[in-house]
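[1] Mind looking at a prediction? Sequence and model below.
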Amino acid sequence: MTTSHRDTARPDTAAGAAPGDPDDFAHRLRALLADPATPHGLARTLRATAKELDLAAHHRAGRAAWPDGRIDGTPGTVQIGGGAHRIDGFFNIDAIPPADLVWDVREGIPLHDASVRFLFSEHFLEHLDYPRSAQHFAREAHRVMAPGGRLVTGVPDAAHVLGPYPAPAAEAAEMIDRWYAHRTCREDIATYLDLINYVFRDQDDDPTYNPHYWAYDFDKLVQLFTQAGFTRVEPWAFDPAIANPKREWASVYVVATKQHAAA
């Protein structure tokens with residue numbers, strides 16, 4: 001009996017997965033990554049794709065629970081992208097577990113209009129692609145903010161690292177020690193411009209880290225959140241009771257306030 005190609009299982013298809021579905025694609029992608037013959041350039045792209053597939057799987061699970069894109073509750077204090085730094089009393093939304101809600105906010109913030117009094121994020125915004133996702137996040141933050149509500153966000157300060165440039169590598173010693181002393185890229189920082197590149201991009205070829213997609217200073221944060229509708233954007237006095245103390249150095253924080261409702 002002749003067996004057609006439809007009767008023959010593909011060896012690179014995950015068990016129980018139909019060809020073309022996300023699980024099958026992820027299985028074949030990881031097989032390529034495990035193959036030493038896969039070229040370096042392709043492997044870099046595949047690693048980024050594998051990470052996005054994981055994020056998409058988490059987001060699909062959240063979306064299945066809240067198909068209309070809004071949760072039932074109305075938390076007043078919210079943290080987005082906190083990772084391991086959790087703030088007591090804050091509802092934490094993150095793209096990966098653990099979090100109170102696992103959700104990819106590049107697809108919107110799953111909260112009701114005008115329901116949040118205080119929203120906090122730090123060292124998160126630079127990991128969003130710009131302009132699409134960063135501007136969308138700023139608009140969504142304005143939408144969910146109650147009148148008079150405040151958004152606080154902090155990012156690596158591009159002005160801090162660009163200020164001394166051009167400079168000899170020795171002038172970067174403190175930044176290197178604080179940021180990269182325990183990373184595998186340390187030996188690759190040979191000039192001050194190398195440091196700038198790592199601050200702007202991070203280790204985009206290392207799956208351990210999430211790359212930086214955009215750099216910010218105070219003026220850029222003001223422009224971004226003003227464009228989104230916030231009426232006042234000012235420097236934020238660092239508060240270690242909320243923010244991660246290790247983030248204070250060489251970061252810039254702003255507080256953006258939504259206009260009070262007209263009387």
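    Yes, it's here.
[2] State which helix of this protein is the longest.
    helix 40-65 (DSSP state H).
[3] In the stretch 1-150 of the chain, where is pLDDT below threshold?
    When residues are selected by pLDDT under 70, those of the stretch 1-150 of the chain lie in 1-20.
[4] again, 80 this time
    Across the stretch 1-150 of the chain, residues meeting the criterion (pLDDT under 80) sit at 1-23.
[5] That one: strands as residue ranges?
    Assigned by DSSP state E, counting those that start in this stretch, the stretch 1-150 of the chain shows strands spanning 77-80, 91-94, 101-102, 116-122, 145-156.
[6] what's in contact with the fourth one?
    Contacts of strand 116-122 with the rest of the structure, by Cβ atoms under 8 Å, 6 or more residues apart in numbering, involve 75-82, 85, 87, 90, 141, 144-146, 148-155, 242-244, 247, 251, 253. To be clear about C-beta, it is placed using only N, CA and C from the backbone, and glycine gets the same treatment.
[7] Show the buried residues in those.
    By neighbour count, with 16 or more other Cβ atoms under 10 Å, the contacts of strand 116-122 hold 75, 78-82, 85, 87, 90, 141, 144-146, 149-155, 242-244, 247, 251, 253 as buried.
[8] Could you report the neighbour count for the residue nearest to Pro22 when sequence neighbours are not counted?
    Spatial nearest neighbour of Pro22, chain neighbours left out: Leu53 (6.4 Å); criterion: Cβ to Cβ, 6 or more residues apart in numbering. Using other Cβ atoms under 10 Å, Leu53 has 16 other residues around it.
[9] can you pull the contacts of Leu53?
    When contacts are counted by Cβ under 8 Å, 6+ apart, Leu53 touches 22, 25-26, 29.
[10] Any chance of the strands of the stretch 1-150 of the chain in JSON lines with distance to Leu221 as columns?
    Putting the strands of the stretch 1-150 of the chain into JSON lines (distance: least, Cβ to Cβ, whole Å) gives the following:
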{"stretch": "strand 77-80", "distance to Leu221": "15"}
{"stretch": "strand 91-94", "distance to Leu221": "20"}
{"stretch": "strand 101-102", "distance to Leu221": "25"}
{"stretch": "strand 116-122", "distance to Leu221": "12"}
{"stretch": "strand 145-156", "distance to Leu221": "7"}
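[11] tell me the secondary structure for the residue lying closest to Tyr192 once chain neighbours are set aside?
    Excluding the flanking residues, the one nearest Tyr192 by Cβ to Cβ, 6+ apart is Ala167, at 4.8 Å. Three-state assignment for Ala167 (DSSP: H, G, I helix; E, B strand; the rest coil): coil.
[12] What does the pLDDT read for Ala167?
    At Ala167, the pLDDT value in this model is 84.
[13] so how far is Leu221 from it?
    Distance of Ala167 to Leu221, computed by Cβ to Cβ, to the nearest Å: 25 Å.
[14] Quick check on these two: which one has the bigger neighbour count.
    Neighbours were tallied for Ala167 and for Leu221 using other Cβ under 10 Å; the higher tally belongs to Leu221 (22 against 14).
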